[in-house]
Every structure is written in C-alpha cells, then in structure tokens.
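Colleague: sequence and predicted structure are below.
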Amino acid sequence: MPKPILIDTDTGVDDALALILALRSPELSVKAITTVAGNIEVQKCTSNVHRILDLLQIRERPIVAQGAKRPLRQSLLTASEVHGSDGLGNVSKSLPAVEPFKPASAVQTILECCDRYGAKLVIVAIGPLTNLALAWKSDPRTMRKAGHVITMGGAFHVPGNTGPVAEFNYYVDPEAAHIVLNSGVPVTVIPLDVTHQVVVMRKEMEYRAKRRASMVAMTVLNMTREYMRYHLDTQGFNGGYLHDPMAVAVAVDRTLVKTRKVRVDVETTGTYTRGMTVSDFHNRRSRKHHAVQVAFTVDRDRFLRLFHERLWM
Ligand code: BDR
Ligand code: CA
C-alpha cells in the first residue's frame with residue numbers, strides 16, 4: 001500500500017523536482033500539497049503547484065491548499081536570485097496558463113490529514129516550517145497523530161547557505177523550525193550536511209532530457225537552467241543540489257540516509273546566528289526535550305538512481 005503523504009512546499013525549482021519525484025513514486029500517495037512563503041511569495045507557490053500538476057497531467061489531484069504569507073515573526077526573505085522571480089526558473093510564461101483556483105487553508109488541510117491518516121501520514125516539509133508550526137500551535141493533539149515529519153533544513157557540521165551558519169528554510173522562519181523540531185512529533189531532518197553530498201551536473205541533465213525529449217523533460221531542463229547557473233556563479237560547478245528531492249526520496253526509502261538521534265534548538269534571537277541549528281551531540285540536555293533524527297550520510301548512488309529513474313520516466 002502506498003504511504004499517504006502531504007507535501008508542504010515553497011515551490012521553487014528543487015521543490016518542483018521534488019513534487020515530480022513524489023507524484024511519480026508508486027510507494028507514495030500524495031494526498032495534499034500545501035504552500036508556504038519562502039523561495040517566492042505564497043500565491044506564486046500555489047500557482048506553481050498547479051503548473052506541475054498540469055504538466056504531469058495528474059487526473060486524480062491531491063488537495064492543494066495555501067498557507068502562510070510570511071514567517072511567524074520575521075519579515076519574509078525570498079530567494080528569487082536562485083529560483084527566478086516566478087520560482088520556476090522563469091519558465092512559467094512558456095507554460096499553459098493556470099486555471100483560476102480557490103485554494104483550501106493549509107493549516108486546516110494539515111490537521112485534517114493528521115486526523116484522517118494518523119500514524120500512516122508522512123509530512124514532507126520542503127520550505128520554511130511556518131504552516132506546520134501554525135498547525136501545531138492551533139491543535140497539538142491532532143498534529144501528534146502524524147506518523148512522521150521529514151523536513152529539509154538546517155546545517156550542522158557544514159557552513160550555511162544563507163549567511164555563514166544557517167540554511168535557508170530555517171533562516172527564513174527560525175521560530176517555526178524551533179517549534180516543529182521540539183514538538184514531539186517524530187521528525188527526520190535532512191540538512192545541508194547530506195544535501196551537499198550530492199550534485200547533479202548540467203551536462204547530465206542535458207543528455208537525459210534530450211534523450212527523453214518529452215514535454216516534461218524539456219520543461220525540467222529549462223526550469224533548472226538559472227538554478228544551475230546560480231550554482232556555477234556561487235559554488236563553481238555547473239549543476240545543482242537536490243535538497244528537496246532528497247527529502248521526498250527519504251519518504252520513499254528511509255534507508256537512503258543514516259541518521260543520529262539528537263536534540264536540536266534553532267537560534268531565533270542571535271545577532272549573527274539566526275536560523276542556526278544548535279544540537280547537543282552528547283545528549284546532555286534534559287530528557288524533557290524531544291530528540292529528532294538528523295541525517296548525516298546519504299547513499300549517493302542509490303538516491304541519484306531513484307531520482308533519474310523517475311524524473312525522466
Ligand atoms: C532549501 O532552500 C530553498 O531555496 C530550497 O528550495 C530548499 O528547500 C535549501 O536550503
Ligand atoms: Ca524548498
């Protein structure tokens with residue numbers, strides 16, 4: 001039986017790849033997609049979810065719900081320099097227009113899914129954790145029914161990608177990340193420590209897209225062009241990280257990563273350290289604090305095989 005999953009996304013380029021991976025994975029049944037402000041403004045995130053569903057010609061559509069316009073306390077920081085001003089590498093103008101839509105409420109959708117699917121539900125959160133924190137604040141008992149939250153975020157033993165110490169999703173809404181990581185819901189964190197272990201190169205994307213030559217393949221190729229150029233300019237390689245697809249892949253197969261159980265706080269007030277993940281690797285903190293599983297190694301070859309197998313189907 002496929003696992004019921006809910007994806008909470010700030011639909012940028014790697015989020016879109018993650019959605020494609022999830023929607024093409026027979027091990028998963030995507031019941032809902034909720035959007036949150038992050039890479040771009042939330043209305044654009046929601047349009048992008050519809051664009052991906054249209055592109056894949058998904059007939060039985062998951063619920064699409066829109067969530068927070070801004071983080072809990074901080075003002076919104078977007079990443080249009082990475083994902084383009086539309087969040088999809090500026091390809092949306094060449095895609096068919098999205099039909100007008102009236103999205104459901106993200107918080108309500110999250111709570112309804114927790115209620116309906118209970119311990120079977122996997123929530124894959126690939127943007128700032130604002131919606132999940134709001135759902136938790138409004139009804140912690142119902143949130144605790146969820147089986148598992150997989151969150152892409154944090155940087156433990158590696159530098160950040162938003163300033164020296166913080167990863168983008170947790171930098172954007174550190175208060176929300178702190179709430180979710182200390183909520184007592186079983187959480188697996190997919191930080192930069194593992195996502196920076198895997199890169200997909202532009203040449204390989206070009207080779208595979210041209211060989212497949214479908215509408216989806218060519219859109220993926222165009223959508224990732226600016227994202228990869230950004231990596232070339234800032235990291236020196238012509239390719240890109242697969243942050244969010246890795247979180248989905250872990251929902252498909254948990255053995256892709258090795259984790260350590262630790263208690264994690266997220267810095268919310270630091271002058272220079274906002275969004276930093278601070279963890280007690282010696283587990284000296286009080287047992288009252290909830291621990292989470294943090295991924296530190298990934299089976300790179302198996303992950304890439306899964307990613308390519310499904311992306312170019
Ligand atoms: C995370 O930040 C976003 O820009 C990506 O979509 C990913 O979720 C990586 O730090
Ligand atoms: Ca994201």
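Modeller: Received the coordinates, thanks. Ligands and ions are numbered 1, 2, ... in the order given.
Colleague: so whichever residue of the stretch 151-300 of the chain sits closest to ligand 1 versus ligand 2, what's the distance?
Modeller: Using C-beta to the nearest ligand atom, the single residue of the stretch 151-300 of the chain nearest to ligand 1 is F168, 3.5 Å away. For every residue, glycine as well, the C-beta is placed using N, CA and C. Distance of F168 to ligand 2, computed by C-beta to the ion, to the nearest Å: 8 Å.
Colleague: list the contacts of that residue.
Modeller: Shown in contact with F168 (C-beta atoms under 8 Å, 6 or more residues apart in numbering): 38, 79, 153, 161-162.
Colleague: also near ligand 1: which of those residues, exactly?
Modeller: Counting by C-beta under 6 Å from any ligand atom, 79, 161 from the contacts of F168 sit close to ligand 1.
Colleague: okay, the contacts of F168 in CSV with neighbour count, pLDDT and secondary structure next?
Modeller: Output for these, formatted as CSV (neighbours: other C-beta atoms under 10 Å; pLDDT from 0 to 100; DSSP: H, G, I helix; E, B strand; the rest coil):
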residue, neighbour count, pLDDT, secondary structure
G38, 31, 98, coil
A79, 19, 97, coil
G153, 30, 98, coil
N161, 21, 97, coil
T162, 17, 97, strand
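Colleague: picking up where we left off before, so what does the residue of the stretch 151-300 of the chain closest to ligand 1 have for phi and psi?
Modeller: Phi and psi for F168, reported as degrees, to the nearest 10, are phi -60, psi -50.
Colleague: close enough to count as contact, D173 and A125?
Modeller: No. With contact defined as C-beta atoms under 8 Å, D173 and A125 do not form a contacting pair (10.9 Å).
Colleague: higher neighbour count, those two?
Modeller: Taking other C-beta atoms under 10 Å, D173 and A125 do not tie; D173 has more neighbours (33 against 30).
Colleague: show me what contacts the more buried one?
Modeller: Neighbours of D173 in contact, by C-beta under 8 Å, 6+ apart: 71-72, 74, 128-130, 133.
Colleague: show me which of the residues you listed is closest to T234.
Modeller: P128 (20.9 Å; C-beta to C-beta).
Colleague: ok, the closest residue to P71 other than its chain neighbours to ligand 2 distance?
Modeller: Distance criterion C-beta to C-beta, 6 or more residues apart in numbering; nearest residue to P71, sequence neighbours excluded, is D173 at 3.6 Å. Going from D173 to ligand 2 by C-beta to the ion gives 12 Å.
Colleague: show me which residues of the stretch 51-200 of the chain are close to ligand 1?
Modeller: So the stretch 51-200 of the chain meets ligand 1 at 79, 82, 126-127, 152, 161, 167-169 (C-beta under 6 Å from any ligand atom).
Colleague: how about 8 Å then?
Modeller: 79, 82-83, 126-127, 152-153, 161-162, 167-169, 192, 195 (C-beta under 8 Å from any ligand atom).
Colleague: now, which of these sits nearest T269?
Modeller: T162 (16.6 Å).
Colleague: measure that closest one to ligand 2 for me?
Modeller: Counting by C-beta to the ion, the gap from T162 to ligand 2 is 12 Å.
Colleague: am I right that that residue is in contact with Y171?
Modeller: Yes. If you go by C-beta under 8 Å, T162 and Y171 touch, sitting 4.1 Å apart.
Colleague: quickly list what's touching both of these two.
Modeller: With C-beta under 8 Å, 6+ apart as the test, T162 and Y171 both reach 77, 275.
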